[in-house]
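Build me a model from this:
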Amino acid sequence: MKKSVLVAAMLALSLYASAQVVPLFQESFESGTGNWTLNGGSGTNAWVVNNQYAGGLFGIIVNTPQQPAVITGSPTSNYLHITNGDICSILSICNANFDTGSPSDQTATLNNNISTLNLQSVTVAFYYLCAGDPASAYGSLEYSLDNGSTWTVASMYNGVSTWTTSSISLPIWDNQPSLRFRFRWQNGSLGSDPAFSVDDVVISAMSAATPASISLDAIPATSWCFNTLFNTPVHFTSSGTYFPMNVYNAELSDATGSFATPLNIGTLATSATGNLTINGIIPAGTPAGSGYRIRVVSTDQPAVSNDNGADLTIHTLPVINGGPDRTICAGSSVTLTATGGVQYGWTNSVINASPFTPTATNTYTVTGTDANGCQGTDQVTVTVDPCLGLDNSALTDIRVYPNPVQADFTLQLPQGETEGSLSITDLSGKVLRNFNVTADMSTYSIGELPAGSYLLLFKGKQNTFSTGILKY
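Coordinates of the predicted model:
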């Protein structure tokens, strides 16, 4: 583990164990100068970040001391330091050395302000080198309380040729909305290497904490439908003192009300207290269930609210059944009746359970709504068959019902006929089924035949009768 990670972990453990140490900023310079603005002052001695420690020029420029094991990336990690710009560019000797013949005044300024509101004992700690000269070449740590307009010296450095720790804490840094720091190097015509060098900067504070608590209000809605993205405002009241990096998280339990593995449904990054709101978003794919609960937790000054106090329900969607696909003769009517809901809406202006006469084959979609307001859909295809010219209106001597038929149908014989034979043929005349008819009003089954149009032929004692029959 890198020591910077270890330091951060120790700070975090201290934070949650004592609820007092607050890490505000940490810099090891291993990622470069992204957090800093360098130079912009005067002179060729300027700030750089690199991992060069070797001197040269026949021993005139001495080696920069290597770092002790406690510094991140030691013994030759990246560090912030002053170097002689001319020697660096010409001879590529870019360690911590400076030119006494080039009077310089350069700064390395932290880009962002740090808020220390509700914090105390703000401390800036770092490792440094700075031999220099007490009167002519020295480094300093400076701070600003007005976004960098004016700067005040906090501490000055010289006469140190081995890596040493510095820890500065000033009461004026406490409870400030915008505190900024910089390192400054100034030199004249005297002084020795190594020049001002800095590494492993840590800014921390102590909380002036009071016990933190969160109270959750009721959730306005108590149920919604599965597969619907649900937005709900999560209102809560927070009290106490929270650290600057605090985040409030709204969490959703599982369907049994357990928060063992909660789902984060919204965040609010603030250390503010009082009446607050998180815009909660429950994903559309959250499983259906009837025991969901919501709570709010904080990350710094950890606190857990009550849950919302009432079960939340995600309803399953209704299973809507529009019935089987149909085949009818042209000019015939058909009735589509859906089940599974309490209200239905069909496409193509079809009214549920009301007959209509389609003019062409079509697929009809029904949307059913259940008592919870949730919706499901189904589709039914109605095939319009010309029926090869069969004229059912002329075949009134024999009756078959229902027609169209799904499986079983009843045959009512013509007047005067009591028995005979019944044949079912396809439209080409091929006989598919034969039945003996022994009484009027008998029931027969053609459930095994595929959907389509067929001819029914009855041979009685007196006459032969025929009619068309549709199976779906």
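
Burial check on the residue lying closest to Ser271 once chain neighbours are set aside, number of neighbours?
Leaving aside its sequence neighbours, Ser271 sits nearest to Tyr242 (CB to CB, 6 or more residues apart in numbering; 4.1 Å). Quick note: C-beta positions are derived from backbone N, CA and C, even for glycine. By the criterion of other CB atoms under 10 Å, Tyr242 has 25 neighbours.

Could you report the pLDDT at Tyr242?
The model reports Tyr242 with a pLDDT of 80.

so what's it up against?
Neighbour list for Tyr242: Ala212, Thr270, Ser271, Ala272, Thr273, Ser298, Asp300, Gln301 [criterion: CB atoms under 8 Å, 6 or more residues apart in numbering].

Over to it. Which of the three states is it?
Taking DSSP: H, G, I helix; E, B strand; the rest coil as the rule, one finds Tyr242 in the coil state.

quick one: it from Phe25, how far?
Applying CB to CB, to the nearest Å, the value for Tyr242 to Phe25 is 18 Å.

Equivalent analysis for Arg326, please.
74 Å.

Comparing those two, which residue is more hemmed in?
With neighbours defined as other CB under 10 Å, Arg326 and Phe25 compare such that Arg326 has more, 21 against 14.

Identify the bridge partners of the more buried one.
Beta bridges link Arg326 to Val382 when assigned by DSSP bridges.

can you tell me how far it sits from Val380?
From Arg326 over to Val380 (counting by CB to CB), the distance is 7 Å.

just checking, what packs against the helix or strand Asp200 falls within?
Assessed by DSSP states H and E, Asp200 sits inside strand 197-207. With contacts taken as 3 or more CB pairs under 8 Å, 6 or more residues apart in numbering; DSSP states H and E, strand 197-207 sits against helix 3-18, strand 21-27, strand 79-84, strand 119-130.

Taking strand 197-207 as reference, get the angle to the second one.
I take that to be strand 21-27. 160 degrees (axes from the mean of the first three to the mean of the last three CA atoms, to 10 degrees).

ranges for the helices of the stretch 251-400 of the chain?
When assigned using DSSP state H, counting those that start in this stretch, the stretch 251-400 of the chain turns out to have no helices.

Output the below-cut-off pLDDT ranges for it.
387-397 (pLDDT under 70).

circling back: which neighbours do Arg326 and Val380 share?
Contact criterion CB under 8 Å, 6+ apart; residues shared by Arg326 and Val380: Leu336.

Now the element after the strand holding Asp200, going C-ward?
Downstream of strand 197-207, the first helix or strand assigned by DSSP H and E is strand 213-216.

Whichever helix or strand comes after that next one: which residues count as buried?
As assigned by DSSP H and E, the chain's next helix or strand after strand 213-216 is strand 223-225. Within strand 223-225, the residues scored as buried using 16 or more other CB atoms under 10 Å are Trp224, Cys225.

from the chain's centre, how far out does the next helix or strand after strand 223-225 sit?
Later in the chain than strand 223-225, the nearest helix or strand by DSSP H and E is strand 230-239. Centre-to-centre, strand 230-239 and its host chain are 18 Å apart (CA atoms, centre = their mean, to the nearest Å).

what does stretch 153-163 give?
What separates the centre of stretch 153-163 from the centre of its chain is 48 Å, taken as CA atoms, centre = their mean.

Residues touching that stretch, excluding its own?
The contact list for stretch 153-163 (CB under 8 Å, 6+ apart) reads 65, 67-68, 71, 124, 127-134, 137-143, 166, 168, 170, 191-192, 194, 196, 199.

One more: stretch 359-369?
Outside stretch 359-369, the residues that touch it by CB under 8 Å, 6+ apart are 318, 320, 322, 330, 336, 338, 340-348, 350, 352, 375-384.
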